[in-house]
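>>> this one's sequence-less:
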């Protein structure tokens with residue numbers, strides 16, 4: 001796997017061993033970043049279910065100012081930490097080991113931090129397809145956009161194409177959905193007026 005474009009373009013990044021994570025295909029990542037490119041310069045980014053960090057690292061390469069990565073898997077955290085060190089971007093990131101669906105993982109409680117401009121929300125497919133956990137994902141998306149995303153900011157949601165529509169937070173929420181093979185990518189924005 002590699003960084004596609006920007007200052008770090010072409011640099012290789014490691015993926016965790018095993019099948020616990022499924023990195024987004026390069027062609028899908030290219031399509032996603034083509035859609036959000038204008039939002040990235042100096043952006044504050046939150047990368048949830050970060051895995052190897054490929055999305056947040058790509059955002060840094062394309063001009064994001066800071067990325068907070070949230071991951072709880074041991075192998076994924078090891079790969080992510082190595083990638084950050086190898087790319088020399090440690091001063092621009094924060095790696096948080098925790099539950100990506102819990103608000104306390106999204107920001108430091110002790111510090112006054114501005115909201116995020118871009119959030120990557122790429123949950124394991126089993127959470128999306130399970131009727132017991134998909135409502136938790138929707139509630140997390142609502143809280144993210146309502147309380148932690150800057151005006152004009154966006155949450156980039158990645159899920160199976162057949163299931164991504166179930167993650168729409170509500171009928172009034174912006175939900176610009178595109179399909180790339182079996183992947184669905186939606187840009188979620190708050191309804192007018194918050």
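Received the coordinates, thanks. For clarity, every value in this text was computed on a predicted model and none was experimentally measured.

>>> Distance-wise, check the residue most central in space within the chain relative to residue 133.
Nearest to the geometric centre of the chain sits residue 120, at 1.7 Å (Cα atoms, centre = their mean). Noted for residue 120: a distance of 19 Å to residue 133, by Cβ to Cβ, to the nearest Å. Yep, even glycine has a C-beta here, placed from its N, CA and C like the rest.

>>> Equivalent analysis for residue 55, please.
Using Cβ to Cβ, we find residue 55 at a distance of 21 Å from residue 133.

>>> Repeat that for residue 65.
In this view, residue 65 and residue 133 are 32 Å apart by Cβ to Cβ.

>>> With residue 29 instead?
For residue 29, the distance to residue 133 equals 25 Å [Cβ to Cβ].

>>> Neighbour count: these two, which is higher?
residue 29 (22 against 14; other Cβ atoms under 10 Å).

>>> Remind me which helix or strand the more buried one belongs to.
In this structure, residue 29 sits in helix 26-36 according to DSSP states H and E.

>>> what comes into contact with that helix?
The contact list for helix 26-36 (Cβ atoms under 8 Å, 6 or more residues apart in numbering) reads 1-2, 4-5, 24, 40, 54-55, 58-59, 62, 118, 154, 156, 158, 178, 180-181, 183, 185, 187.

>>> Buried among those? Need that as a selection in PyMOL.
Here is the PyMOL command that selects the buried residues among the contacts of helix 26-36 (16 or more other Cβ atoms under 10 Å):
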select buried, resi 1+4+24+40+54+55+58+59+62+118+154+156+158+180+183+185+187
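
>>> All set now, cheers.
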